[in-house]
Each structure stands twice: as structure tokens, then as C-alpha cells.
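In: structure for the following, please:
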Amino acid sequence: MSIALVGGWLGAPSAEARVTDGACATSTGVTVAVDYQALGGGTVVRCVEDVEPGTSGLQVLHDAGFAPQGTVTDGPTFVCRIGGRPAADEGLAVEGEEGYRESCVETPPATAFWSYWYAPNGGSWTFSNYGASAREVIVGGYEGWSFALNTSQSTAPRPRVLPSHAVEPTISPTPTRTSAPPTATAAPASSSRPASSSAPATAATTRATRTPSPRATAESSAPPVVSTPPALSSAAPSVAPSTPAPKASPASTTPQPPASSAAAPSASTLVASRAPAPPVEATPPGIPAGTLVGVGAVAALGVGGGIAWWRRRGL
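Out: Numbers count the residues shown, from 1 in each chain. Here you go, the predicted model:
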């Protein structure tokens, strides 16, 4: 005979246990089936969700809310009563023990006990040769308890529950899809284009900063001299030619390049320097016309004054 004799400590219900009615629909829970058989009351099925591997069968029975009770003699680990059945005032028709009532003080008789079973999901029930506290549950499987009255171990009834249920598919996140775009954008193709486009810009700058030859600078900076016929010299009177006429020096007619022309001109400076300068009228050689007119006026005043003085003197 193998009765649900357990040799461990019966822990309190897990504070994080989540229990639902019926069989589990996931692969992380354990389905607990309690079949009252001859006691009456049918079969009660509950699911304990998210059971950790290594959890004992007695702990799962406790977590499912069936409140198992032990005996005074054997301790709380010997399952004598589940869900309050058989009650202390409930008479059992045990063969050879008329009017038997379970007090859970002594070990229950071999013909009136709770048999312990287990099964994987989709499998079949197997009678456990170990106590519920000494056996680890199958996560995703079944734990079964069936009351056996006037039977032996070999004839004890299995729980009247088919140990099988459909498992809902678990949709797992796909982090690889979200991590692929950062990998592709880590080295964008556009980052390499500025590096390649900078080379032409550097070459253009190099060409623009090349120092032009002195010949090109002299030709571009010297404004053209416009020669005019000396028509004004014939109109000037030939009075008092004692003062020599100042000659225009070449330095005054030809503008000197600015001091900054020695620096390397930029591309815009080269373009501007190649444009022709506006024509500059050259001063004709000889005495300017304004000077001659002034001298003539002074001479006329002097002659007029001399005549007046001569008349006053009576000469």
C-alpha cells in the first residue's frame, strides 16, 4: 500500500500564486485535479499559474486552495483531509470498521485514503510511489488526488479527469527586428559622400590661391593711357613764357599697384583684375590752359595800370 505519506515541511500558500478554475491553458502552470469519488462532490479542477521548477506536489496542492491537513501522529505532511473531506463527523462505510469517522489523529486505514497521481500534459495518470512533499511537479502537467474507499493501491481509482489540454501559443517579442535598423544606420552611405566631395573643393581652392605671374599682374593693373592731341597748346597765348611748364611725371599718370597686391589674390580678385580699367585722360605737355589765362589777365591789368599812371603824370 502506498498512501500519500510525505516527509517534508508543508509550506504556506505562495503569496505570488495565481489560481484559476479549470485546466491550465499555458505551459507554465500546473493543473490540480481533486476527485472526491465515493465521498461525493465530484471533481474539482484548478490551475496554478507560473509554477517554478522544483516546486513540490504538496506545495502546489496548497497553492491551489485545497487546504490539505495532516494527522497528529504523522504530522502535517501526511495528507488526511483535502478541502475538508472527509469531515470529522462524516461516516465512512469502511469494510470491517462500521461507523468509521476520520479524525485525522491516527494514520488513516489502508482502505480509506487519498491516493496521489501525476501526469504530463497529453499523457496518462501514474500512481506516485513517493509522497507529495518528496516529489517535484511537472510544470505544464497535472497533479491528481483521488479518494480511495475499500480499495488497494493496485485498484485505487484514477482521477476522472483527462490529463490533456490545448496550450495557447505564446507570442514572443522579436527584438532582432527592432535592432536591425540601428545596425544598418550605424554607417550611412551619406556620411562618406562629404569626404569625397571635399576633395574637389580643396582642389578648387588650391587653384584659386595660386600666385599669378608678374606679367599678368602688370598688364592687368596698368590702366590704358589715352593720348589726346595737343590742341590746347595752340590756343594758349605766348605771354611771359619765362616759367617752365611742369611736365607730368610717369609716376603721376601710371597708378602704382596697392601694397596688398603682393599677397596672393583670391579667385574673385583675379577675375576682377582681368577686367579693363576705365580710361584716364593724360595731361598734355606744356603750360596748362588755366595758367595761361591767369597770366594774360595779370598782364592786361598791368598794362592798363601803366597807361593810367602815365596819363596822370601828364606824360
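In: burial count for residue 113?
Out: 25 (other C-beta atoms under 10 Å). Backbone N, C-alpha and C define where each C-beta goes, glycine included.
In: beta partners of residue 33?
Out: According to DSSP bridges, residue 45, residue 144 are recorded as the beta-bridge partners of residue 33.
In: mind listing what it touches?
Out: Neighbouring residues of residue 33 by C-beta atoms under 8 Å, 6 or more residues apart in numbering: 43-45, 142-145, 159, 161, 163.
In: now those in JSON lines, with distance to residue 76 and pLDDT?
Out: JSON lines is the format used below for the contacts of residue 33 (distance: C-beta to C-beta, whole Å; pLDDT from 0 to 100):
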{"residue": "43", "distance to residue 76": "25", "pLDDT": "97"}
{"residue": "44", "distance to residue 76": "21", "pLDDT": "98"}
{"residue": "45", "distance to residue 76": "24", "pLDDT": "98"}
{"residue": "142", "distance to residue 76": "24", "pLDDT": "99"}
{"residue": "143", "distance to residue 76": "18", "pLDDT": "99"}
{"residue": "144", "distance to residue 76": "21", "pLDDT": "98"}
{"residue": "145", "distance to residue 76": "16", "pLDDT": "98"}
{"residue": "159", "distance to residue 76": "23", "pLDDT": "98"}
{"residue": "161", "distance to residue 76": "26", "pLDDT": "97"}
{"residue": "163", "distance to residue 76": "27", "pLDDT": "97"}
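In: can you flag the buried ones in those?
Out: Buried subset of the contacts of residue 33 (neighbour count, 16 or more other C-beta atoms under 10 Å): 44-45, 142-145, 159, 161, 163.
In: how many other residues sit next to residue 117?
Out: Counted with other C-beta under 10 Å, residue 117 comes out at 23.
In: can you tell me the element it falls in?
Out: In this structure, residue 117 sits in strand 112-119 according to DSSP states H and E.
In: how about residue 62?
Out: helix 57-63.
In: show me what that helix is packed against.
Out: Applying 3 or more C-beta pairs under 8 Å, 6 or more residues apart in numbering; DSSP states H and E, one finds that helix 57-63 contacts strand 30-35, strand 142-149.
In: now the very next helix or strand once past that helix: buried residues?
Out: Once the chain leaves helix 57-63, the next helix or strand it forms, by DSSP H and E, is strand 91-94. Of all the residues in strand 91-94, those buried under the rule 16+ other C-beta under 10 Å are 92, 94.
In: and what of stretch 61-69?
Out: By neighbour count on 16+ other C-beta under 10 Å, the buried set for stretch 61-69 is 61-64, 66, 68.
In: got it, and stretch 98-113?
Out: 100, 102, 104, 108-109, 111-113.
In: which of the residues you listed sit farthest apart?
Out: Of all pairs drawn from the buried residues of stretch 98-113, the greatest distance, 16.2 Å, lies between 104 and 111 (C-beta to C-beta).
In: low-confidence ranges in the stretch 51-200 of the chain?
Out: Residues of the stretch 51-200 of the chain that meet the criterion pLDDT under 70 lie in 170-200.
In: how does it look with 80?
Out: Residue ranges of the stretch 51-200 of the chain with pLDDT under 80: 169-200.
In: show me the contacts for residue 146.
Out: 35, 37, 114-115, 117, 156-160.
In: equivalent analysis for residue 164, please.
Out: 121-123 are the contacts of residue 164 under C-beta under 8 Å, 6+ apart.
In: of those - the most surrounded one?
Out: Highest neighbour count within these, by other C-beta under 10 Å: residue 121, with 19 neighbours.
In: hmm, back to that, the contacts of residue 164 in helices, which ones?
Out: In helices, judged by DSSP state H, none of the contacts of residue 164 are found.
In: looking at these, which one is closest to residue 95?
Out: When the contacts of residue 164 are ranked by distance to residue 95 (C-beta to C-beta), residue 123 comes first, at 32.9 Å.
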